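Trainee: Kindly generate the corresponding structure for this input.
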Amino acid sequence: MAVVPRVFPPLIIPLLLLVTLARADETPDAVWRLLAANLPGEAGVALKSTPPTEPRARALAEAVVLTARQPLTDERLLEAERRFEALAEVPDEVGAAALYLTGRLHQLHFSTPDYTEAARYYRRLAERQPASPWAQLGLVKLALLTLHVLPGPATPADRIAAAEVLLPRVTVPPLRRDLLIVLGRARLFHEVGMEQARFDLLAADAIGGLTGLAEADVLLQIGELSFRAGDDGRAEEYFRRFLKGNDADPRVYTVEQRLKVIAARKGGR
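Mentor: Numbering: from 1, shown residues only. Down below sits the predicted model:
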């Protein structure tokens, strides 16, 4: 039977961790940036012109290029997994990246995802190299799997509690911020611990670094939660921050109406 090629989503290298890879090897930063931008052909060309000074890092880049070229088959992904597993035998940053990327293969890239297997890789990495940014990124992915797809706690509250246990282990600020947002939004979705959701999002905002729609959503959620909690001062602060950077957003009208209610409350005091 002929193998039918499939188009798989790219195995994207997080931009946040490019610096980690750069420190771990002598592969030119351009190769990793091209891979992060989902330009595997260009990355392959750049890699060929790279002196083979660090074989492990080069092998990692070659495996990532293998997973990014389209169209892909599960057979090619299995070859990439074999290469990642070989690299993961050494507990350095290249090995950490290889373990994380293997987890992502099982979470997103095979034609039939295996979320339990992906979680196993993330846990294995976090136990072996807990301080690695790759391990901490894997914990954020593990929290998402725990909240939404893994077999386990039956109730939303129990799933949230299981994911929340991971928070103290995530110390890289942008990743901790992302996990706080994941937890806050899970509470909002399931309407479990709404005040804690506000505290999660406030803590995420305090870390900073969000831009664009992601920032707008967090500002609006904090503003609305504060409004409902009767914390008008904080609600006004976040609503105005939202308006300042999102004047074309269709939610502006609702925010302006909320500010009118807050002003009326102030006037009645």
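
Trainee: Which stretches in the stretch 51-200 of the chain count as helices?
Mentor: Applying DSSP state H, counting those that start in this stretch to the stretch 51-200 of the chain gives helices spanning 55-68, 74-87, 93-104, 115-128, 133-148, 156-164, 173-190, 194-207.

Trainee: Dump those helices to a markdown table, plus mean pLDDT.
Mentor: Listed next are these as a markdown table, based on pLDDT from 0 to 100:
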| stretch | mean pLDDT |
| --- | --- |
| helix 55-68 | 86 |
| helix 74-87 | 95 |
| helix 93-104 | 94 |
| helix 115-128 | 98 |
| helix 133-148 | 96 |
| helix 156-164 | 96 |
| helix 173-190 | 96 |
| helix 194-207 | 98 |
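
Trainee: and of those helices, who's closest to Lys260?
Mentor: For Lys260, the closest of the helices of the stretch 51-200 of the chain is helix 194-207, at 21.9 Å, according to Cβ to Cβ. To be clear about C-beta, it is placed using only N, CA and C from the backbone, and glycine gets the same treatment.

Trainee: List the buried residues for the helix or strand following that closest one?
Mentor: Scanning forward in sequence from helix 194-207 by DSSP states H and E, the next helix or strand is helix 212-228. Across helix 212-228, burial judged by 16 or more other Cβ atoms under 10 Å covers 215-227.

Trainee: Reformat those as TSV; add pLDDT and distance to Gln136.
Mentor: TSV is the format used below for the buried residues of helix 212-228 (pLDDT from 0 to 100; distance: Cβ to Cβ, whole Å):
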residue	pLDDT	distance to Gln136
Glu215	97	22
Ala216	97	26
Asp217	97	23
Val218	97	20
Leu219	98	25
Leu220	97	27
Gln221	98	24
Ile222	98	24
Gly223	98	29
Glu224	98	30
Leu225	98	27
Ser226	98	29
Phe227	97	33
